[in-house]
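>>> this one's sequence-less:
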């Protein structure tokens, strides 16, 4: 749990100048948000709402939902663990390879992990990351809706933390809430590049959310995170990202890496993607890049179904991306010689 994730800059003595290891696109301007929070630092001298009612109302208004269908959490990770807790002891299917916290949370709360082909038990959940971390795959919306409709006894937990970072059609929060068996997880951390604040939310049919709220700790979302959420719902254009340009750059980067002898860059529908070395291991490449060039990638060997040859890249600026290609080319030449 919490081991082997990206953004582990603390492991290296040399400063990391280009971080490709986290799926957060960090090159955004948060000046306005920081100024807003700086002006509200007095909030830390008071308890926040036991449950973030005001932010839930603001998000519900933005999404066209009733507030009873929104539950704000301390990042998407708390949403994962709350959901696993609410359905403790149930049968769980996890579409792999994917984010390891689903399995960790299900194991903690004694779920019975079963393969996709297993018939559903009386209490069954299916965990889906869409877009998927680490592959960047997106399940077609029509296929997902059909699967949900064909399996009414299964509760589908759909993590759309990276929903902003794809142009593929996805199930909207309003569409998901209309189903009695869908729980959607969302992250403001990813969209607004603020992982240190920890802010996410769940949208679902109110009856499902009642089960989750029943196991939520009071005051789990801190006052500054709530202030950030209220500001961002009121100013949704904060920290603009040209998604079309980012995805074009992601494809340029993927193509440049895929053209390197000894490396395959796999297709993606978002701004991050997997690469596979023909020989050697990603851990050695990661160490070499960090120590020699101050560049950090994500060793993906600990994702179920992947091996030591895989690593994950999240697209950054064109200059950083070109530098990454150049130094990996150098590494592959050294390994081959």
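Yes, it's here. All figures in this text were calculated on a predicted structure; none of them were measured in a lab.
>>> list the contacts of the most centrally placed residue in the chain.
Closest to where the C-alpha atoms of the chain average out (CA atoms, centre = their mean) is residue 161, at 4.4 Å. Applying CB atoms under 8 Å, 6 or more residues apart in numbering, one finds that residue 161 lies in contact with 76, 129, 133, 185-187, 189-190, 200. Every C-beta, even on glycine, is put in place using the N, C-alpha and C of the backbone.
>>> of those residues, which belong to helices?
Assignment to helices by DSSP state H places the following of the contacts of residue 161 there: 76, 189-190.
>>> out of the residues you listed, flag the one nearest to residue 180.
Nearest to residue 180 among the ones in helices among the contacts of residue 161: residue 76, at 22.3 Å, using CB to CB.
>>> related to what we said a few turns ago, from the contacts of residue 161, pick the one nearest residue 40.
The shortest separation between residue 40 and any of these is 19.1 Å, and it belongs to residue 189 (by CB to CB).
>>> correct me if wrong: that closest one contacts residue 78.
No. Assessed by CB atoms under 8 Å, residue 189 is found out of contact with residue 78, at 11.1 Å.
>>> give the residue from the two that has the larger number of neighbours.
Neighbours were tallied for residue 189 and for residue 78 using other CB atoms under 10 Å; the higher tally belongs to residue 78 (23 against 20).
>>> check contacts around the spatially closest residue to the more buried one that is not a sequence neighbour.
When the adjacent residues along the chain are set aside, residue 78 lies closest to residue 220, with 6.3 Å between them (CB to CB, 6 or more residues apart in numbering). Counting by CB under 8 Å, 6+ apart, residue 220 makes contact with 73-74, 78.
>>> how does it look with 10 Å?
For residue 220, the contact set (CB atoms under 10 Å, 6 or more residues apart in numbering) comprises 48, 50-52, 72-75, 78, 82, 198.
>>> now, among these, which is nearest to residue 311?
When the contacts of residue 220 are compared for distance to residue 311, the smallest value, 24.2 Å, is given by residue 75; criterion: CB to CB.
>>> may I have the residues that are in contact with that closest one?
When the contact criterion is CB under 10 Å, 6+ apart, the partners of residue 75 are 161, 185, 187-190, 194-195, 197-201, 220-221, 225.
>>> which two of those residues lie the greatest distance from each other?
The most widely separated members of the contacts of residue 75 are 190 and 220, with 19.1 Å between them, by CB to CB.
>>> and the residue nearest to residue 78, that one's in a helix?
No. Counting by DSSP: H, G, I helix; E, B strand; the rest coil, residue 220 is not found in a helix; it is coil.
>>> going forward, the N-terminal residue is numbered 49.
Sure, I'll start counting at 49 from here, so that last one is residue 268.
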